[in-house]
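**Student:** Okay, structure incoming, though there's no sequence with it:
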C-alpha cells in the first residue's frame, strides 16, 4: 500500500510539487470528464498544468507521450499515470473513477430520458431517421472503399448474401456470419490461387 506523500516533494525538474490528495485527483478528472464529454483531451493539459499546477509543460509532455504509446485511451492512461505518480494505485483509481463518472452519469440520464419518452411517436420517428442516416453513412463509406478495391464476383456475391440474410430476411447476424465467413475465406483463397 502506498502511503500519503509529504506536503511537498521535489519533482524531476527540481521544483516543489503541490500536495495531491485522492479528492483532488477525483475532482480534477471529474471536471475533465464533464467538460470533455465526447472529447476530454483538450481539457487535460488545462486542468493539470494551468489550473492545478501539478506539472509543468515539460513533465506533462513526457506523461502525455507515454500515455500515447500505451494501449488504450490516452486520457485514461494519463489519469492512471498521474494518479499513480502521486498516490499509487489508489490515486490511479481515484483519477480514473473521476474521469469516467460524469460521462457514465450523463449516459445513464440519457437512457432514462429516452425510456421516459420512447413511446412518443415523434421520438420514435427521430430515432428511426437517425438510424437511417447512420446506415446511409456506413453504406456510403463502404461503397467508397469498395470502389477502389478489386473485388471478385465471389466476394460480391457473399456480401449480397449477407445483406439479404440479415437486412431483408432478418436472420440472426451471428448465425449468418458463422456460415458466410468460411465461404468468404474460401472464396478469397480461390481468388488468390486462380
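**Tutor:** Nice, thanks for sending it over. The shown structure was predicted, so the numbers you read here are calculated from the model rather than taken from an experiment.
**Student:** What are the phi and psi values at the residue nearest the centre of the chain?
**Tutor:** Geometric centre of the chain, nearest residue: residue 73, 6.4 Å, by CA atoms, centre = their mean. With angles defined as degrees, to the nearest 10, residue 73 sits at phi -70, psi 130.
**Student:** same for the helix or strand hosting residue 158, what does it pack against?
**Tutor:** Using DSSP states H and E, residue 158 falls within helix 153-163. If you count contacts as 3 or more CB pairs under 8 Å, 6 or more residues apart in numbering; DSSP states H and E, helix 153-163 packs onto helix 173-193. Glycine gets a C-beta too; all of them are placed from N, C-alpha and C.
**Student:** relative to helix 153-163, how tilted is the helix it packs on?
**Tutor:** 180 degrees (axes from the mean of the first three to the mean of the last three CA atoms, to 10 degrees).
**Student:** any residues touching helix 173-193, and which ones?
**Tutor:** 152, 154-155, 157-158, 161-162, 165-166 (CB atoms under 8 Å, 6 or more residues apart in numbering).
**Student:** now do 10 Å
**Tutor:** 150-159, 161-167, 169, 171-172 (CB atoms under 10 Å, 6 or more residues apart in numbering).
**Student:** low pLDDT regions in this structure?
**Tutor:** For the chain, the stretches flagged by pLDDT under 70 are 1-17, 37-38.
**Student:** Could you pull out the strands in it for me?
**Tutor:** Applying DSSP state E to the chain gives strands spanning 9-10, 16-17.
**Student:** can you list the domain ranges for this structure.
**Tutor:** 9-116, 120-149, 150-194 (automatic domain parsing).
**Student:** quick check: longest helix of this protein.
**Tutor:** Secondary structure of the chain per DSSP state H: the longest helix is helix 74-117.
**Student:** can you tell me which residues contact residue 57?
**Tutor:** By CB under 10 Å, 6+ apart, the contact list for residue 57 reads 45, 49-50.
**Student:** Recalculate using a threshold of 7 Å.
**Tutor:** Applying CB atoms under 7 Å, 6 or more residues apart in numbering to residue 57 gives the contacts residue 49.
**Student:** Repeat that for residue 81.
**Tutor:** By CB under 7 Å, 6+ apart, the residues touching residue 81 are 63, 66-67.
**Student:** Could you rerun that using 10 Å?
**Tutor:** Contacts for residue 81 (CB under 10 Å, 6+ apart) come out as 62-64, 66-67, 70, 92, 95.
**Student:** Could you do residue 72 as well?
**Tutor:** Contacts for residue 72 (CB under 10 Å, 6+ apart) come out as residue 80.
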